[in-house]
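1. Following is a predicted model, sequence given first.
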Amino acid sequence: MMHQYREFPTWGAYYSWRDAQVGWQHVSPCVRHATKTKDCRCLSALIVIGAFKGGTTGVRYKLLASEQFYGPMKEYHFWAENEPSVDTPREMVAAKYAISLPCSLMLRREFVVFEDNPRYVDELNTNELRFIRKVNPDAMMLLLARPGADIQFSALEMTADDYKDCTPFRPFGHDCASATKYAAANAHAIFNEGILRAVAMERDWGDRDVISLHHRAGQYVAKGGYYYVLRHIWHTWPREQTLVLESTALWMNEREGYNTLADALRLNFTIRLVPNTRTRPPRQDHPQCPPEQVETMKLLISECDLKMPYRCAWHSANMRLAELLHRSWPLSWNDGVNMSTCAPHNFTTADLNAGVRVIWARD
């Protein structure tokens, strides 16, 4: 069955119909506005998630430019910030969450509503995921995966943009010795936090408690440890309604990547790709950090291989992601990462091959 949008008279009517169905329905609902009768409110068929600086903003601009996808011009933040009570009737939440559009758009053959938010990886606990499933049961989640080391330095640059003196660059110093020392210490801090967070998440499942990524995940899990993110999500959200794409590969081979997305959504059209769309948030258009200091920092990162300690930190998580997805591309993130490159940063064989190994309570 191909995906379609269908108009229902009320949200109650939609949920009455949906409750009578079994399995994943490739139908997304729209309900006509009570007073603005030319406007409809529609649930998202696609929810794009990923780490901060993982590529969600670029995908949003690409989808909006196609004029086949409709959604907010910026991150919606509905579930991450509003956090409605799980006891709130789903009809009330759907009326607030659904995106308002002219009803005439629904008559178009090429029509999909979507939203994107990297904070859905950082902050959704089990109850909130259950509530999203209750309100929007047939949405597809697209997780954009980008190596943790790349995210680390992309986020560093974006954060520095807010400071005239480029404050976030300061801890690295101006030479390879000081920069490497700081990077290694920071990578170990992230890695050690990951061990504690993952053990806490395992304990929650063992106690049949609620897993809260906001309180228990931390930087290691949310910004590169996608194995743990997916295991968390899949305890609540159907695996068949989740698509994982490598962020960099999506930009290097757009046609293949967006065809994969169209197939996963079961669209009856090809996603139109418009060249030269934005890839960065508007806040980065006018950085306060002088460009020459940004370039100096980039040169330091390259010449001193400052990404290596972080690549060592996420090595084991990348291995587990490859096992979980039955895909080889996460292993490419580990190219060149071995004991000869990680031992100088005080990572051990156990760190690389075992790391934050968690035996989950459920599969």
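-> Perfect, thanks for sending it.

2. now the strands: where do they sit in this protein?
-> 4-8, 27-32, 39-42, 46-50, 69-70, 99-102, 112-116, 140-145, 242-246 (DSSP state E).

3. Give me the sheet partners of the last one and which way each runs.
-> Spelled out, that is strand 242-246. Sheet pairing for strand 242-246, assigned by DSSP bridges, gives strand 140-145 (parallel).

4. which residues are contacting the partner strand?
-> Outside strand 140-145, the residues within contact range by CB atoms under 8 Å, 6 or more residues apart in numbering are 45-51, 54-56, 59, 121, 226, 229-230, 233, 237, 241-247, 250, 261, 264-265, 321, 330. Where C-beta positions appear, they are placed from N, C-alpha and C, glycine not excepted.

5. cool, and stretch 27-41?
-> 3-11, 14, 18, 42-45, 94-95, 98-104, 106, 113, 138-139.

6. repeat that for 6 Å
-> Under the contact criterion CB atoms under 6 Å, 6 or more residues apart in numbering, stretch 27-41 has outside partners 4-8, 11, 14, 42-43, 45, 98, 100-101, 103, 106.

7. Quick check: the farthest pair among these?
-> Using CB to CB, the two most remote members of these are 4 and 100, lying 19.6 Å apart.

8. The two - which one has more neighbours?
-> residue 4 (16 against 10; other CB atoms under 10 Å).

9. Tell me which residues touch the more buried one, please.
-> residue 27 are the contacts of residue 4 under CB under 6 Å, 6+ apart.

10. beta partners of it?
-> Counting by DSSP bridges, residue 4 is bridged to residue 27.

11. got a pLDDT number for it?
-> If you check residue 4, the pLDDT there is 92.

12. rewinding a little: any chance of the strands of the chain in TSV, with distance to residue 87 too?
-> Putting the strands of the chain into TSV (distance: least, CB to CB, whole Å) gives the following:
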stretch	distance to residue 87
strand 4-8	23
strand 27-32	22
strand 39-42	22
strand 46-50	22
strand 69-70	31
strand 99-102	24
strand 112-116	23
strand 140-145	24
strand 242-246	26
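
13. The ones you listed: which one's closest to residue 163?
-> strand 46-50 (25.2 Å).

14. what sits up against that closest one?
-> So strand 46-50 is contacted by 56, 59, 114-116, 118, 120-121, 139-144 (CB under 6 Å, 6+ apart).

15. And for stretch 74-81?
-> Contacts of stretch 74-81 (CB under 6 Å, 6+ apart): 97, 115, 117, 119, 123, 128, 132.

16. hmm, 7 Å instead?
-> 97, 115-117, 119-120, 123-124, 128, 132 (CB atoms under 7 Å, 6 or more residues apart in numbering).

17. Looking at those, spot the one nearest residue 275.
-> Nearest member of the contacts of stretch 74-81 to residue 275, counting by CB to CB, is residue 116, at 20.5 Å.

18. quick one, what contacts that closest one?
-> Here residue 116 is in contact with 48, 56, 59-60, 75 (criterion: CB under 7 Å, 6+ apart).

19. Export those to CSV and append columns for neighbour count, distance to residue 188 and pLDDT.
-> CSV is the format used below for those (neighbours: other CB atoms under 10 Å; distance: CB to CB, whole Å; pLDDT from 0 to 100):
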residue, neighbour count, distance to residue 188, pLDDT
48, 28, 32, 93
56, 26, 28, 90
59, 27, 32, 94
60, 25, 34, 93
75, 19, 31, 83
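
20. Next, give me the two most distant ones among the residues you listed.
-> The widest separation within the contacts of residue 116 (CB to CB) is 11.9 Å, between 59 and 75.

21. Which parts of the stretch 51-200 of the chain are helices?
-> Remark: helices assigned in the stretch 51-200 of the chain by DSSP state H, counting those that start in this stretch are 56-65, 90-97, 119-123, 126-135, 148-160, 176-206.
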